[in-house]
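K.L.:
What would the 3D arrangement of this be:
(one chain, ligands or ions: 1)
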Amino acid sequence: MKRNLLVLIMILLILSACNNPDPPAPTDLPTTFPSDTPQPTATPEPTPAPEEFTQYRFEMTLDYNRHTAQVVQTIDYINKTNFSLPSILLVIPPRAFGNSYDQTGLAGENITGFSEEGIRTTLQLAQPLEPGQRLTINLSFNLAIPQREGSFGWSQRQLNLSNWYPYIPPLKPDQSWISHDPFIDQANIMVGEYVVNEIADFYLTLHLVENLPNLLVASGAKAMPIPDGMSYSQERARSLSFSLSNQYHHQQVEHNGLLIQAYVFQYQSEKAPAVLQIASQAMDLYAEIFGPYHYDQVSIVSADFLHNMELDGIVLISSSVVDFYDNTPENNLTILVPHELAHQWFYSQVGNDHALEPWLDETLATYSEYLFYEHYYPELADWWWDNRVYAHAHTGFVNNSIYDAGSYENYRSSVYLNGAIFMHDLRITMGDQAFMSALKDYVALNNLKITTKTDFVSIFQAANPNVNLQEVYARYFKE
Ligand SMILES: [Zn+2]
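P.N.:
From the prediction side, this is the model:
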């Protein structure tokens, strides 16, 4: 291990030595140019420094059998807005689950105190944080992970950790924080997602209390083994999530420079090749249609619950969906793996307010399923519409918030299913070529940002200025 690390450091040194950041001296420039070569400008543009992001660092000691963790967390926050911040908001999602979160420390230079309400902690500052300034927050807390089906919880065969740590939400131009509360419908189903993250860099050192035989950790982050666990890094991401089980069967494939990993339960091992195959196809197609994927790995995990969940670099697919895969493409696995992977573009790369404008990721991810079938199984395109959309309720405002729809059923009917019908209508109205180029522009222009309906509307309109798309929106959207 150490020798590999040394070799790696030497390679990095050699690479950085080759990478001379200084602009060439004027004497290095040729003095004559062929007539058709553009002349260089007198003063070369300075190379912009790479963009810096807020950093989250974690030292976690996890006890898989007891479902507990001790965490030391440092947030090195950068005020990337153009206004000064008199206070800082921390959102702590695990506080939505009873006594799951027990904070043992919160301090930092410039922090004079804090107040807590629900899932929010407001930090009072001695001095406002000016644009470009940094604030370091040191936290320590214990997690008692709840026994529940979901992407934060444990079952007899899995422990999932997403939205498990305090984070600082994004700010809107009106200087308010984008911070929402979860919404549970009458059937006790949590509707959609309410956590909105800006892009940050994540580093986690994970110590496992006991070295359980067969315990595997699935994550979207790059992993390096350490003596008692793993260390992870995931830069330019919205969150850091992982899933552990001592019953995983792991299989992976290197596909066009991308490491695709499948973690299914051991009794599902024969389904793993199909998971990898569908994921390879989806990642190929979406890179072609939407633009490059921004990490070099992605993990697909069989989840011990009944829904599916997109996270950064990792997606959770209900184990029942994996169970029922029958080696034909007329199957939920072939529908839902592409759906969740499309969220790597519409959630991870291009962010949005998942609570107030969930259509910006769910409508696009659902329509991406159709793009998948249209490309790989055109003979099943009609089957996809009938089975996925028309067989269910498919009405309601596409731009419903997670609160407006009132129930998970209505949320799916409007945002996902009527959303897919809207996207297809938009495509037919503006023409195939303009629609496809708008999709690509939308991702490129909003990469690493948080978009709104205004961004979507203006980019799609610009792709074909000759048709009035307002009529399409009027058919599906409320003001
Ligand atoms: Zn989705």
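K.L.:
List phi and psi for the one residue in the stretch 251-400 of the chain that gets nearest to the ion.
P.N.:
Per C-beta to the ion, A365 is where the stretch 251-400 of the chain lies closest to the ion, at 4.3 Å. Where C-beta positions appear, they are placed from N, C-alpha and C, glycine not excepted. The phi and psi values for A365, taken as degrees, to the nearest 10, are phi -70, psi -40.
K.L.:
Around the closest residue to I184 other than its chain neighbours, count how many other residues there are.
P.N.:
Closest residue to I184 apart from its sequence neighbours, by C-beta to C-beta, 6 or more residues apart in numbering: M190 at 5.5 Å. The number of residues packed near M190 is 16, by other C-beta atoms under 10 Å.
K.L.:
F183 is in contact with M190, correct?
P.N.:
Yes. If you go by C-beta atoms under 8 Å, M190 and F183 touch, sitting 7.0 Å apart.
K.L.:
Tell me where the model's unsure across the stretch 1-150 of the chain.
P.N.:
1-45 (pLDDT under 70).
K.L.:
need the strands for the stretch 201-350 of the chain, in chain order.
P.N.:
216-219, 222-226, 229-237, 242-245, 248-255, 258-265, 297-303, 309-311, 314-318 (DSSP state E, counting those that start in this stretch).
K.L.:
possible to save those strands as JSON lines with mean neighbour count and mean pLDDT?
P.N.:
Below are these laid out as JSON lines (neighbours: other C-beta atoms under 10 Å; pLDDT from 0 to 100):
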{"stretch": "strand 216-219", "mean neighbour count": "22", "mean pLDDT": "96"}
{"stretch": "strand 222-226", "mean neighbour count": "14", "mean pLDDT": "93"}
{"stretch": "strand 229-237", "mean neighbour count": "19", "mean pLDDT": "96"}
{"stretch": "strand 242-245", "mean neighbour count": "25", "mean pLDDT": "97"}
{"stretch": "strand 248-255", "mean neighbour count": "16", "mean pLDDT": "98"}
{"stretch": "strand 258-265", "mean neighbour count": "22", "mean pLDDT": "98"}
{"stretch": "strand 297-303", "mean neighbour count": "26", "mean pLDDT": "98"}
{"stretch": "strand 309-311", "mean neighbour count": "24", "mean pLDDT": "95"}
{"stretch": "strand 314-318", "mean neighbour count": "25", "mean pLDDT": "98"}
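K.L.:
Output these as JSON lines; include the columns distance to L206.
P.N.:
Shown next, in JSON lines, are the strands of the stretch 201-350 of the chain (distance: least, C-beta to C-beta, whole Å):
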{"stretch": "strand 216-219", "distance to L206": "7"}
{"stretch": "strand 222-226", "distance to L206": "8"}
{"stretch": "strand 229-237", "distance to L206": "4"}
{"stretch": "strand 242-245", "distance to L206": "8"}
{"stretch": "strand 248-255", "distance to L206": "16"}
{"stretch": "strand 258-265", "distance to L206": "16"}
{"stretch": "strand 297-303", "distance to L206": "15"}
{"stretch": "strand 309-311", "distance to L206": "16"}
{"stretch": "strand 314-318", "distance to L206": "14"}
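K.L.:
does G419 really touch E369, like I thought?
P.N.:
No. Taking contacts as C-beta under 8 Å, G419 lies outside contact range of E369: 11.3 Å.
K.L.:
Looking at these two now, which is surrounded by more residues?
P.N.:
Remark: of G419 and E369, G419 carries more neighbours, 29 against 23, as counted by other C-beta under 10 Å.
K.L.:
Contact partners for R57?
P.N.:
By C-beta atoms under 8 Å, 6 or more residues apart in numbering, R57 lies in contact with Q73, T74, I75, D76, Y203, L204.
K.L.:
how far away is the closest residue to H249 other than its chain neighbours from S231?
P.N.:
Nearest non-adjacent residue to H249, counting by C-beta to C-beta, 6+ apart: S269, 4.1 Å away. To S231, S269 is 28 Å away according to C-beta to C-beta, to the nearest Å.
K.L.:
got it, and Y101?
P.N.:
Taking C-beta to C-beta, one finds Y101 at 23 Å from S231.
K.L.:
just the strands in the stretch 351-479 of the chain please.
P.N.:
Ranges of strands within the stretch 351-479 of the chain are 351-352, 450-451, based on DSSP E, counting those that start in this stretch.
K.L.:
In a markdown table: the contacts of R57, plus neighbour count and distance to the ion.
P.N.:
Shown next, in a markdown table, are those (neighbours: other C-beta atoms under 10 Å; distance: C-beta to the ion, whole Å):
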| residue | neighbour count | distance to the ion |
| --- | --- | --- |
| Q73 | 20 | 28 |
| T74 | 16 | 32 |
| I75 | 23 | 28 |
| D76 | 17 | 31 |
| Y203 | 17 | 27 |
| L204 | 24 | 25 |
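K.L.:
Name the pair among those residues with the greatest separation in space.
P.N.:
With distances taken as C-beta to C-beta, the most widely separated pair in the contacts of R57 is D76 and L204, at 14.5 Å.
K.L.:
residues near T334, how many?
P.N.:
24.
K.L.:
if I pick it, what's in contact with it?
P.N.:
By C-beta under 8 Å, 6+ apart, the contact list for T334 reads I278, F372, Y377.
K.L.:
go on, I178?
P.N.:
P169, P170, L171, K172, V196, D353, I450.
K.L.:
Pull out the buried residues from these.
P.N.:
Buried by 16 or more other C-beta atoms under 10 Å: P169, P170, L171, V196, D353, I450, out of the contacts of I178.
K.L.:
what kind of secondary structure is the residue nearest to the fifth one when sequence neighbours are not counted in?
P.N.:
Taking C-beta to C-beta, 6+ apart, and ignoring the residues beside it in sequence, D353 has V196 as its nearest neighbour in space, at 5.4 Å. Of the three states, V196 takes coil under DSSP: H, G, I helix; E, B strand; the rest coil.
K.L.:
gap between V196 and P273?
P.N.:
36 Å.
K.L.:
now do V467
P.N.:
In terms of C-beta to C-beta, V467 sits 44 Å off from P273.
K.L.:
Can you pull the residues of the chain lying near the ion?
P.N.:
By C-beta under 5 Å from the ion, the residues of the chain that approach the ion are E362, A365.
K.L.:
Which residue ranges of the chain form helices?
P.N.:
In the chain, the helices defined using DSSP state H lie at 2-18, 272-290, 319-323, 332-342, 359-376, 381-384, 408-411, 419-430, 432-446, 453-463, 470-476.
K.L.:
Compile those into CSV and extend it with columns for distance to L90.
P.N.:
Converted to CSV, the helices of the chain look like this (distance: least, C-beta to C-beta, whole Å):
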stretch, distance to L90
helix 2-18, 35
helix 272-290, 33
helix 319-323, 34
helix 332-342, 28
helix 359-376, 24
helix 381-384, 42
helix 408-411, 28
helix 419-430, 32
helix 432-446, 26
helix 453-463, 27
helix 470-476, 36
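K.L.:
Emit the PyMOL select command for whichever of the contacts of T334 are buried.
P.N.:
To isolate the buried members of the contacts of T334 in PyMOL, using 16+ other C-beta under 10 Å:
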select buried, resi 278+372+377
